[in-house]
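Novice: I'd like to go over a predicted model; first the sequence, then the structure.
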Amino acid sequence: MSMQMHRRHFVAATAGLALAGSDTMAKAAFGAASAAGVYDRSIVIDGLGGPGGFDPAARPGDPLAERFIEDARRSGITAINYTVSAVGNVPTAFEDTVAAIAAANREIANHPDVFIQVRTAADLLTAKRSKRMGLIYGMQDTAPIGTDIARRLPILQNLGVRIVQMTYNRRNLAGDGSLELANGGLSSFGRELIAELNERRILVDLSHGGQRVHADGIGASRRPPAITHTGCRDLVDNPRNTWDADLRALAMKGGVVGIYFVPFLRASGELRSGDIIRHIEHAVKVAGEDHVGIGTDGYVSAIEVTPEYQRYHRQFIASRREAGISAPGENPDVLMFSPDYNDPRRLEKLAGDLLKRGHSTGRVEKILGFNFARLLNEVWG
């Protein structure tokens, strides 16, 4: 089925939810746009993130604090690409990933009125109708698969993994991450893995990849891939960002790019809302409004910047540098989020800012999540 046919099918499926998909439908049904109105009727998908936030009292393995549960409940997010994998070529990556999936399953079981696991496109609609947050289990590294595609990938898929990212900054068996100076692209193993992901209808994510992994992955994938959380490298030359040529190629393949809310969107200093909007608008100009979404790369709950949090942040950056996975722009003195959007309903605030800048309601709905929903529907089948 073509991308256009898949999109029409999903529009029809979501019509009962008043997910307009076009300005004409939106204006006829809802009249003048407001941020709250657009947000509340939209499928809202965060291409990378998760419930939770900074909790100085939490220990590894602890369940989510009640305030994080309440923030997830009121966030209005329909679904979120929730990382369940270990990253960085750790030897226990598979076991750690299975344990993380078990922990996510526990949260869903303990809070069935707040969370739902998303395995199909139909689950997105269920999450929206029931006003729950859908958790899409995603991997940010292929290290948990190791060399055993035939055995481990089916296990992970059966456990609910629906998105697999090829690399995480460093080189792994699949290819070169964004921090590898060699920029070696996909390996033969990486191409074999993409072919199997396509066969199993699991979304291929090229985030954190080197430039050649972006180009090779887009070319190798038979189904539309994604770069779920990145920025525009033609605006800010950071290796975690993506060049315009690859954004165009991604769009031509039917894929979607998610713009993140991290300081890689500027050369230095604190991230502001204007930086995020500049990258969104640039991506729309380059890739087209049907191929741009949001992947905040952050927690849902707001973070209170206390001395305790600042100590945690410095330690976090130090640990990433020691592990060799810290990208340029990760600074112990710069927050990894925008204070302008430090709120569980940050994407509603973004919608309002985009509407004020003259973006149509249809375009804002696409960016908020319809584009990712269409992509997931097409890939998952």
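Specialist: Ah, there it is.
Novice: mind listing the strands for the stretch 101-250 of the chain?
Specialist: 115-117, 133-139, 161-165, 203-205, 226-230 (DSSP state E, counting those that start in this stretch).
Novice: among those strands, which is the most enclosed?
Specialist: Highest mean neighbour count among the strands of the stretch 101-250 of the chain (mean count of other Cβ atoms under 10 Å): strand 226-230, with a mean of 31. Quick note: C-beta positions are derived from backbone N, CA and C, even for glycine.
Novice: CA atoms of it as CSV?
Specialist: In CSV, the C-alpha atoms belonging to strand 226-230 read as follows (Å, rounded to 0.1, in the frame of the first residue of the first chain):
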residue,chain,number,x,y,z
ALA,A,226,12.4,7.7,11.4
ILE,A,227,14.9,9.9,13.1
THR,A,228,12.9,10.2,16.2
HIS,A,229,14.9,12.8,18.1
THR,A,230,17.4,15.2,16.4
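Novice: for it, packing partners?
Specialist: Here strand 226-230 touches strand 45-50, strand 161-165, strand 203-205, helix 244-252, strand 256-259, going by 3 or more Cβ pairs under 8 Å, 6 or more residues apart in numbering; DSSP states H and E.
Novice: recalculate using a threshold of 6 Å.
Specialist: The contact analysis (3 or more Cβ pairs under 6 Å, 6 or more residues apart in numbering; DSSP states H and E) places strand 226-230 against strand 45-50, strand 203-205, strand 256-259.
Novice: among those strands, which is the most enclosed?
Specialist: strand 256-259 (a mean of 31).
Novice: C-terminal to it, what's the next element?
Specialist: Next in sequence after strand 256-259, counting helices and strands by DSSP states H and E, comes helix 273-287.
Novice: residues of that following helix that come out buried?
Specialist: Residues of helix 273-287 classed as buried by neighbour count (16 or more other Cβ atoms under 10 Å): 273, 275-284, 286-287.
Novice: and that helix, how far out from the chain's middle?
Specialist: Relative to its parent chain, helix 273-287 has a centroid offset of 16 Å by Cα atoms, centre = their mean, to the nearest Å.
Novice: hang on, the earlier thing: okay, the strands of the stretch 101-250 of the chain in JSON lines with distance to Phe261 and mean pLDDT next?
Specialist: Formatted as JSON lines, the strands of the stretch 101-250 of the chain follow (distance: least, Cβ to Cβ, whole Å; pLDDT from 0 to 100):
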{"stretch": "strand 115-117", "distance to Phe261": "22", "mean pLDDT": "98"}
{"stretch": "strand 133-139", "distance to Phe261": "17", "mean pLDDT": "98"}
{"stretch": "strand 161-165", "distance to Phe261": "18", "mean pLDDT": "98"}
{"stretch": "strand 203-205", "distance to Phe261": "17", "mean pLDDT": "98"}
{"stretch": "strand 226-230", "distance to Phe261": "9", "mean pLDDT": "98"}
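Novice: which residues are contacting stretch 298-309?
Specialist: Here stretch 298-309 makes contact (Cβ atoms under 6 Å, 6 or more residues apart in numbering) with 49, 51-54, 56, 68, 71-72, 75, 261, 337, 342-344.
Novice: what's the ChimeraX line that selects buried ones from those?
Specialist: Listed next is the ChimeraX selection for buried residues among the contacts of stretch 298-309, using 16+ other Cβ under 10 Å:
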select :49,51,52,53,54,68,71,72,75,261,337,342,344
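Novice: nearest to Ala143, of the contacts of stretch 298-309?
Specialist: Distance to Ala143 across these (Cβ to Cβ) is lowest for Gly49, with 20.9 Å.
Novice: one step back: would TSV of the strands of the stretch 101-250 of the chain with distance to Ala323 be doable?
Specialist: Below are those laid out as TSV (distance: least, Cβ to Cβ, whole Å):
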stretch	distance to Ala323
strand 115-117	30
strand 133-139	18
strand 161-165	17
strand 203-205	21
strand 226-230	19
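Novice: between those strands, which one is nearest to Ile101?
Specialist: strand 133-139 (6.3 Å).
Novice: okay, angle between that closest one and strand 45-50 too, please.
Specialist: For strand 133-139 and strand 45-50, the angle between their directions (axes from the mean of the first three to the mean of the last three Cα atoms, to 10 degrees) works out to 70 degrees.
Novice: could you dump strand 133-139 to CSV, C-alpha only?
Specialist: Extracted as CSV, the C-alpha positions of strand 133-139 are listed here (Å, rounded to 0.1, in the frame of the first residue of the first chain):
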residue,chain,number,x,y,z
MET,A,133,-0.7,7.6,27.9
GLY,A,134,0.4,4.9,25.5
LEU,A,135,3.9,3.5,26.0
ILE,A,136,5.6,2.3,22.8
TYR,A,137,8.6,0.2,23.8
GLY,A,138,11.6,1.4,21.9
MET,A,139,15.3,0.5,21.9
